[in-house]
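**Student:** how would this look folded up:
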Amino acid sequence: MSIPKVELKPCFLTPRRLQPEYPLFVYLPGMDGTGQLLRTQTVGLEAGFDVRCLAIPREDLTSWEVLTNNVLDLIHAELEKSSQRLVYLCGESFGGCLAQKVAVAAPHLFQRIILVNPASSFHLRPLYEWASQFTSFVPSCFFDFGAIGFLPFLAALSRISRSDRHEMLRTIRSIPVETVCWRLSLIKEFHVDEEELRRLTQPVLLVASVLDRLLPSLAEAERLVNILPDSKLVLLPESGHACLLETDINLYEIMKAHNFLASGAELVKKLEVKS
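**Tutor:** Residues are numbered from 1 along each chain as shown. Have a look, this model is predicted:
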């Protein structure tokens, strides 16, 4: 008798404790897809949110449409438990692309959107698009060894603790070559129509690292802030691409400093809409 193959699907990771009385904070991760690298931010975020981190299976080779629907299914499942909560959507790098897809697919679900160095800037680096065509021909051992040399482009290492640097390297090495190639192809073909973005009327916070050596995140954030009708740009002058791993970066405090935390009046308004 043959054993049926179990199809793994994206799921939400729940850090430490459930806080259903707080707004739901949904984090969509970068290329690693694990959600594990948000760990330096979860303590801060839990001061005001019920946090969920998307985890995408390492062997997942699905389309933007499927990923988008999976995320929406997971959010709806959370809201079935408590439909009156405010929902914050946060996407970093690859997750910043996915967040844009999710937001335009169901804009009514989200009260706030945060985009951190979104990889929608990939098209601004033509050399990357050219090089991405050849990644499938590179032996997996080169990916493993090359990960070390890749780290200075991915992050400002001096601003990240030793343990988090090790965790980042371990996470990068854990991703199969086929998955890396597939997610690069998704980023390469990524597109959201500007008119769809203009219809996102909720507040959007764009966080851009000035010293991003991997992608032109500042240029992309400036482009998006001119498209999204209610958006605000926050610059991190000394940060690299993986800024949320940096010791001195506290996303909750950034949101607080820029008046990006929802007021009680907004919750009342949401309750009125529901009723």
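**Student:** do you know how far residue 69 is from residue 188?
**Tutor:** Going from residue 69 to residue 188 by CB to CB, to the nearest Å gives 21 Å. Where you see a C-beta, it was placed from the backbone N, CA and C, and this is true even at glycine.
**Student:** neighbour-wise, which of the two wins?
**Tutor:** Between residue 69 and residue 188, counting by other CB atoms under 10 Å, residue 69 is the more crowded of the two (16 against 13).
**Student:** please name the nearest non-neighbouring residue to that one.
**Tutor:** Nearest non-adjacent residue to residue 69, counting by CB to CB, 6 or more residues apart in numbering: residue 105, 8.0 Å away.
**Student:** count of neighbours near the one you found?
**Tutor:** Residue 105 has 15 neighbours, counted by other CB under 10 Å.
**Student:** now do the same contact list for it.
**Tutor:** By CB atoms under 8 Å, 6 or more residues apart in numbering, the contact set of residue 105 is 68-69, 72.
**Student:** poorly predicted segments of the stretch 101-250 of the chain, please.
**Tutor:** Scanning the stretch 101-250 of the chain for pLDDT under 70 picks out 124-153.
**Student:** now the strands for it?
**Tutor:** 112-116, 204-209, 231-236 (DSSP state E, counting those that start in this stretch).
**Student:** can you show me the helices along the stretch 51-200 of the chain?
**Tutor:** 64-81, 94-105, 126-132, 140-154, 162-173, 177-189, 194-198 (DSSP state H, counting those that start in this stretch).
**Student:** okay, these in CSV with distance to residue 206 next?
**Tutor:** Formatted as CSV, the helices of the stretch 51-200 of the chain follow (distance: least, CB to CB, whole Å):
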stretch, distance to residue 206
helix 64-81, 20
helix 94-105, 9
helix 126-132, 21
helix 140-154, 20
helix 162-173, 23
helix 177-189, 18
helix 194-198, 12
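**Student:** quick check: which of those is nearest to residue 58?
**Tutor:** helix 177-189 (5.7 Å; CB to CB).
**Student:** CA atoms of that closest one as CSV?
**Tutor:** Extracted C-alpha coordinates of helix 177-189, given in CSV (Å, rounded to 0.1, in the frame of the first residue of the first chain):
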residue,chain,number,x,y,z
VAL,A,177,18.3,25.7,-4.0
GLU,A,178,15.0,24.9,-5.9
THR,A,179,13.1,27.1,-3.5
VAL,A,180,15.6,30.0,-3.8
CYS,A,181,15.3,29.9,-7.6
TRP,A,182,11.6,29.7,-7.4
ARG,A,183,11.2,32.7,-5.1
LEU,A,184,13.6,34.7,-7.1
SER,A,185,11.5,34.0,-10.2
LEU,A,186,8.4,35.2,-8.3
ILE,A,187,10.2,38.4,-7.3
LYS,A,188,11.4,38.9,-10.9
GLU,A,189,7.8,38.6,-12.3
